[in-house]
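Student: Model the structure of this input:
(one chain, ligands or ions: 1)
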Amino acid sequence: MNTAAAVADFRSYPLISALTTVQSLADRVLVKWADGRVSPFHHQWLRDNCPCPVCVYTVTREQVLEIVDVAEDLSPAVTQVDALGCLSIAWLDGHTSRFDPGWLRAHAYDDESRIERRAGKPKSQRWNSQLTLPVFEYQAVMDDPNVLLQWLLALRDIGLTQVRGIPTEPGSLTSIAKRISFIRESNFGVLFNVQSKADADSNAYTAFNLPLHSDLPTRELQPGLQFLHCLVNDADGGESIFVDGFAIADALRQEDPEAFRALCEIPVEFRNKDRHSDYRCLAPIIALDALGQVSEIRMANFLRGPFDASVEQMPKLYRAYRRFIAMTRETCFRHMTRLNPGEMWCFDNRRTLHARNAFDPASGARHFQGCYIDRDELLSRILVLQR
Ligand SMILES: [Zn+2]
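Tutor: Numbering: from 1, shown residues only. The predicted model follows:
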């Protein structure tokens, strides 16, 4: 039974197990499922999630009800499993609610259901120098939604991919980026050109070696995906280097928990300025998600301001910072390849740190184009493709 229509949602909720009985307690109901699971649902939670057309506007599928509009101690007059297998509640204030069993099971918050849901979440796959690089063909990504989805899943779970066979005309990058979603413009343009130039407003636009970094750590939200498309690469040197910032953070957490905590807790300022702009962001180098897992790395030594930490914290911060940078230099973490014309890197800029070896501009031309897309555009596109 596909129950999408019943709950007015683009997602569907298959019937995993039928509702068998429902028991009323003082502040909640206890639902028993055919497979033996028992799920409590508080009265407030059920009233809050009533899917009826009075509580949810059917056109937008967004809630109209605010829970403060009903009494805090509102209780059911009657609860039952109805003839269609739904949980049906007649409330004491006269409202009625009906809950589809597929939807209810997908949102149950008993311990077992929550553990199950957490286990079903996509898992990031950590990598090191032994990485088998996920490579995709441009034409297949453009033509085949299934290949597009495989590429996006690799971006989400591994955070480093390569696409080959892209035309080398300037601007070709736009069409493949738009396969995902909106490009994120910045002060460097919709597309930025990575070429050595005399009036450089970033070390990226020189021939210097660039140490491992994320782009735009100077912004409150660092861009999620970075694209780097090679148009010309005739210069000696300039190899691309990548490390999995999450793998390094995990390793540091194991090796020196105090240093790891310092990088999670002590904010560091990153800055980028030119004649027209002055961007600054003060944030820790490592960010954790709600479950305590590493979710973001913010790092670019060449954009970093002087540390501003307490006298007591300063030595700890230097120890942690030095160790993190030293780890990014360890060969066991580094994936290094030279990019050829028509090839493109696409990686998670908030996870995968990238670097470039110095190149010799006198030995030949070198021209890359890049752009950014935010991480939630990627995640949204994946969910839509999976519908
Ligand atoms: Zn309602």
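Student: Residue 96 reaches residue 88, doesn't it?
Tutor: Yes: contact between residue 96 and residue 88 holds when scored by C-beta atoms under 8 Å: they sit 7.2 Å apart. All C-beta atoms are positioned from the backbone trio N, CA, C, and that covers glycine.
Student: Have a look at the two and say which one is more surrounded.
Tutor: Between residue 96 and residue 88, counting by other C-beta atoms under 10 Å, residue 88 is the more crowded of the two (17 against 14).
Student: what's the neighbour count on the nearest residue to the more buried one once chain neighbours are set aside?
Tutor: Ranked by C-beta to C-beta, 6 or more residues apart in numbering and with sequence neighbours excluded, the top spatial neighbour of residue 88 is residue 82, at 4.4 Å. Neighbourhood size, residue 82 [other C-beta under 10 Å]: 10.
Student: For the residue located most distally from the centre of the chain, which three-state class applies?
Tutor: Distance to the chain centre peaks in the chain at residue 77, reaching 43.8 Å (criterion: C-alpha atoms, centre = their mean). Following DSSP: H, G, I helix; E, B strand; the rest coil, the label given to residue 77 is strand.
Student: Dump stretch 79-98 to PDB, keeping only the CA atoms.
Tutor: Listed in PDB are the C-alpha atoms of stretch 79-98, where the atom choice follows Å, rounded to 0.1, in the frame of the first residue of the first chain:
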ATOM      1  CA  THR A  79      -8.800   6.000  20.100                       C
ATOM      2  CA  GLN A  80      -9.100   3.100  17.800                       C
ATOM      3  CA  VAL A  81      -7.600   1.200  14.900                       C
ATOM      4  CA  ASP A  82     -10.300   1.800  12.200                       C
ATOM      5  CA  ALA A  83     -11.500  -0.500   9.400                       C
ATOM      6  CA  LEU A  84      -8.700   0.700   7.000                       C
ATOM      7  CA  GLY A  85      -6.000   0.000   9.600                       C
ATOM      8  CA  CYS A  86      -5.400   3.700  10.500                       C
ATOM      9  CA  LEU A  87      -5.100   5.100  14.000                       C
ATOM     10  CA  SER A  88      -8.200   7.200  14.500                       C
ATOM     11  CA  ILE A  89      -8.500   9.700  17.300                       C
ATOM     12  CA  ALA A  90     -11.500  11.700  18.400                       C
ATOM     13  CA  TRP A  91     -10.300  14.500  20.600                       C
ATOM     14  CA  LEU A  92     -12.200  16.000  23.600                       C
ATOM     15  CA  ASP A  93     -12.300  19.400  21.800                       C
ATOM     16  CA  GLY A  94     -14.200  17.800  18.900                       C
ATOM     17  CA  HIS A  95     -11.400  17.600  16.400                       C
ATOM     18  CA  THR A  96     -10.600  14.200  14.800                       C
ATOM     19  CA  SER A  97      -7.300  12.900  13.400                       C
ATOM     20  CA  ARG A  98      -6.500   9.900  11.300                       C
END
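Student: quick one: residue 250 from residue 319, how far?
Tutor: For residue 250, the distance to residue 319 equals 18 Å [C-beta to C-beta, to the nearest Å].
Student: and if you look at residue 131?
Tutor: 29 Å.
Student: What of residue 184?
Tutor: Residue 184 sits 35 Å away from residue 319, going by C-beta to C-beta.
Student: Residue 329 too?
Tutor: For residue 329, the distance to residue 319 equals 16 Å [C-beta to C-beta].
Student: now residue 386
Tutor: Where residue 319 is concerned, residue 386 sits at a distance of 44 Å (C-beta to C-beta).
Student: Comparing these two, which shows the higher neighbour count?
Tutor: Each of residue 386 and residue 319 has its neighbours counted (other C-beta under 10 Å); residue 319 has more, 14 against 10.
Student: Find the helix or strand that the more buried one is a member of.
Tutor: If you go by DSSP states H and E, residue 319 is part of helix 314-328.
Student: again with residue 44
Tutor: Taking DSSP H and E as the criterion, residue 44 maps to helix 43-48.
Student: Can you give me the buried ones in that helix?
Tutor: Of the residues in helix 43-48, 43, 44, 46, 47 count as buried by neighbour count, 16 or more other C-beta atoms under 10 Å.
Student: check contacts around the last one.
Tutor: I take that to be residue 47. For residue 47, the contacting residues are 67, 70, 74, 91, 95, 97, by C-beta atoms under 8 Å, 6 or more residues apart in numbering.
Student: looking at it, the last one is touching residue 53, isn't it?
Tutor: No: if you go by C-beta under 8 Å, residue 97 and residue 53 don't touch, sitting 11.7 Å apart.
Student: Settle it for me: which of these two has more neighbours?
Tutor: In this view residue 97 and residue 53 are compared by other C-beta under 10 Å, and residue 97 has more residues nearby, 21 against 10.
Student: picking up where we left off before, and the gap between the residue nearest to residue 88 and residue 179?
Tutor: According to C-beta to C-beta, residue 82 stands 45 Å off from residue 179.
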